[in-house]
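Colleague: Here you go, sequence then predicted model.
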Amino acid sequence: MARYTGPKSKIARKFGEAIFGDDKAFEKKNYPPGQHGNNRRRGKKSEYAVQLMEKQKAKYTYGILEKQFRNLFAKANRSKGVTGEVLLQFCEARLDNVVYRMGIANSRRGARQLVSHRHITVNGELVDIPSYALKAGDVIGVREKSKSLQAIQDALSANSSVYEWMTWNDDKMEGNFVSIPERIQIPENIKEQLIVELYSK
């Protein structure tokens, strides 16, 4: 499957925040990329440009391609509730995102790789689809053969994040996706209303 594999720091600089996690290169140059660096005069962005930027930020944050993202939006639009909030909830319920949130991988990109390489189980069954949509109550675990993988061990020992909508058991190396998070619980700095306005044109 196609996905963005280019320089992460450049994208983070474009949005003005470290959307891929800690980034030393971004800390050194936390201004937009370009030939003239920080000296370039940047005019006021149009309403469309601001909306487009927010959509691109959400896509890069969750590692979702345009067609997939548009399909998620259409699904959110048909659902009950506030479209923008439902869209983010769909992004949060993706298997690769939950593997990252539980600390099994250091990044969403790493989580996607673990899932597609068949290291992750859902309710005891192997699942290798990163975009697999989890439901409240699903149990996510590390496959028995993969529990000794150094990358997983390192990620778990470095993880200190705790989220109210999921639990993790270190001994069993499995976690419970307790519930779909409310918008207030999702830590991502995304103005979802701008994305709704963009797609509603």
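Modeller: Cool, the structure landed.
Colleague: Let me see the confidence value for residue 201.
Modeller: With respect to pLDDT, residue 201 has a value of 79.
Colleague: tally of neighbours for it?
Modeller: By other CB atoms under 10 Å, 6 other residues sit near residue 201. (Each C-beta comes from the backbone N, C-alpha and C, glycine too.)
Colleague: show me the contacts for it.
Modeller: Listed by CB atoms under 8 Å, 6 or more residues apart in numbering, the contact set of residue 201 is empty.
Colleague: Going by neighbour count, list what's buried in the longest helix belonging to the chain.
Modeller: The helix that spans the most residues within the chain, counting by DSSP state H, is helix 47-62. For helix 47-62, burial by neighbour count (16 or more other CB atoms under 10 Å) applies to 51, 53, 54, 55, 56, 57, 58, 59, 60, 61, 62.
Colleague: Turn those into JSON lines, columns for distance to residue 179.
Modeller: Compiled in JSON lines, those are given as follows (distance: CB to CB, whole Å):
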{"residue": "51", "distance to residue 179": "30"}
{"residue": "53", "distance to residue 179": "31"}
{"residue": "54", "distance to residue 179": "26"}
{"residue": "55", "distance to residue 179": "26"}
{"residue": "56", "distance to residue 179": "29"}
{"residue": "57", "distance to residue 179": "26"}
{"residue": "58", "distance to residue 179": "22"}
{"residue": "59", "distance to residue 179": "25"}
{"residue": "60", "distance to residue 179": "26"}
{"residue": "61", "distance to residue 179": "21"}
{"residue": "62", "distance to residue 179": "19"}
